[in-house]
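Asker: here is a sequence with its predicted model. Questions after.
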Amino acid sequence: MSKRYKQLIEKIDATKAYSVTDASSTVKSLVSAKFDETVEVALNLNVDPRHADQMVRGAIVLPHGTGKTVRVAVFAKGAKADEAKAAGADIVGTDDLVAQIKEGIFNFDVVVAAPDCMGLVGQIGRILGPKGMMPNPKTGTVTPDVATAVTNVKGGQVNFRVDKKGNIHAGIGKASFEATQIAENLVSLIKAINKQKPASAKGRYIKNGVLSLTMSPAVKLDVLELADIK
């Protein structure tokens with residue numbers, strides 16, 4: 001363990017479960033890298049994603065964005081393609097975009113698709129799926145309103161999905177954000193995740209959670225407070 005990391009750990013009370021407000025202020029004090037670190041939240045949910053009715057996934061547009069520039073590729077044609085371009089999409093295409101992806105060219109971060117183009121997208125599902133880029137109606141990335149989807153993604157939309165072990169990881173801002181902005185973004189994400197609580201999930205839904213920076217130790221969150229965020 002480096003001297004820098006030890007010094008950061010000393011700023012955290014390991015016996016304490018921090019409120020959203022206190023955790024947001026504390027991670028601000030952990031800045032040590034030479035770049036604008038990402039503020040990351042990690043949650044462990046009391047769900048079994050092997051059961052379809054306990055899969056937790058969704059999307060939320062954070063009130064203060066993520067601080068990250070997101071490149072968006074859109075599968076659309078005709079008027080929908082024009083709407084996507086007008087909304088600021090970085091790449092808009094159909095067969096040409098399929099060919100590009102098959103060649104392994106990924107100059108984008110998120111894929112949006114109009115419903116009538118999902119047949120095309122299906123051809124590259126095996127490529128997009130493992131990268132977490134497959135468009136999905138639940139995250140608002142398969143929609144006839146491609147312009148709004150592009151605006152949302154560019155404006156700080158975070159997609160969340162529970163992994164096989166019941167964990168959710170998400171970037172909710174940058175170290176340069178004000179502590180209040182970090183807190184408000186975290187509350188928005190927790191609200192969205194709480195709304196997705198499966199009816200079949202028993203007991204405490206959010207078992208534990210931590211907030212950290214890219215290069216920092218983690219600050220433990222008060223799960224009782226998280227459960228009350230509706």
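Answerer: On my side now, so go ahead.
Asker: which stretches in this structure count as helices?
Answerer: 3-9, 20-28, 79-86, 95-102, 118-122, 125-128, 146-154, 179-195, 223-227 (DSSP state H).
Asker: for N167, which residues make a bridge with it?
Answerer: N44 (DSSP bridges).
Asker: distance of it from Q181?
Answerer: N167 sits 25 Å away from Q181, going by C-beta to C-beta, to the nearest Å. Where you see a C-beta, it was placed from the backbone N, CA and C, and this is true even at glycine.
Asker: would you quantify the distance from the spatially most central residue of the chain to G58?
Answerer: Nearest residue to the geometric centre of the chain (C-alpha atoms, centre = their mean): V158, 3.3 Å. To G58, V158 is 9 Å away according to C-beta to C-beta.
Asker: residues in contact with the residue nearest to P137 when sequence neighbours are not counted?
Answerer: Closest residue to P137 apart from its sequence neighbours, by C-beta to C-beta, 6 or more residues apart in numbering: T143 at 7.1 Å. T143 sits next to 112, 114-115, 137, 149 when contact means C-beta atoms under 8 Å, 6 or more residues apart in numbering.
Asker: now do T214
Answerer: 33, 37-38, 40.
Asker: let's see it at 10 Å
Answerer: 32-33, 35-40, 171, 174-175 (C-beta atoms under 10 Å, 6 or more residues apart in numbering).
Asker: of those, closest to V72?
Answerer: G171 (16.6 Å; C-beta to C-beta).
Asker: low-scoring pLDDT stretches of the protein, where are they?
Answerer: Low-confidence segments of the chain (pLDDT under 70): none present.
Asker: let's see 90
Answerer: Scanning the chain for pLDDT under 90 picks out the ranges 1-5, 49-50, 52, 132, 138-139, 159, 200-203.
Asker: distance of the residue nearest to the centre of the chain from P63?
Answerer: Counting by C-beta to C-beta - V158 and P63 are separated by 11 Å.
Asker: same check on Q100?
Answerer: As judged by C-beta to C-beta, Q100 and P63 stand 34 Å apart.
Asker: quick check, distance from stretch 195-208 to the centre of its chain.
Answerer: Distance, stretch centre to chain centre, for stretch 195-208: 19 Å (C-alpha atoms, centre = their mean, to the nearest Å).
Asker: picking up where we left off before, tell me, what's touching V158 and G58 both at once?
Answerer: Common neighbours of V158 and G58 (C-beta under 10 Å, 6+ apart) are 139, 189, 192.
Asker: who wins for neighbours among the residues you listed?
Answerer: Greatest neighbour count in those, by other C-beta atoms under 10 Å, goes to T139: 23 neighbours.
Asker: re the thing from before, could you dump the contacts of T214 into JSON lines and include neighbour count and distance to G78?
Answerer: Output for the contacts of T214, formatted as JSON lines (neighbours: other C-beta atoms under 10 Å; distance: C-beta to C-beta, whole Å):
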{"residue": "S32", "neighbour count": "16", "distance to G78": "50"}
{"residue": "A33", "neighbour count": "13", "distance to G78": "46"}
{"residue": "F35", "neighbour count": "9", "distance to G78": "42"}
{"residue": "D36", "neighbour count": "15", "distance to G78": "40"}
{"residue": "E37", "neighbour count": "21", "distance to G78": "42"}
{"residue": "T38", "neighbour count": "18", "distance to G78": "37"}
{"residue": "V39", "neighbour count": "28", "distance to G78": "40"}
{"residue": "E40", "neighbour count": "18", "distance to G78": "40"}
{"residue": "G171", "neighbour count": "17", "distance to G78": "34"}
{"residue": "K174", "neighbour count": "20", "distance to G78": "38"}
{"residue": "A175", "neighbour count": "21", "distance to G78": "43"}
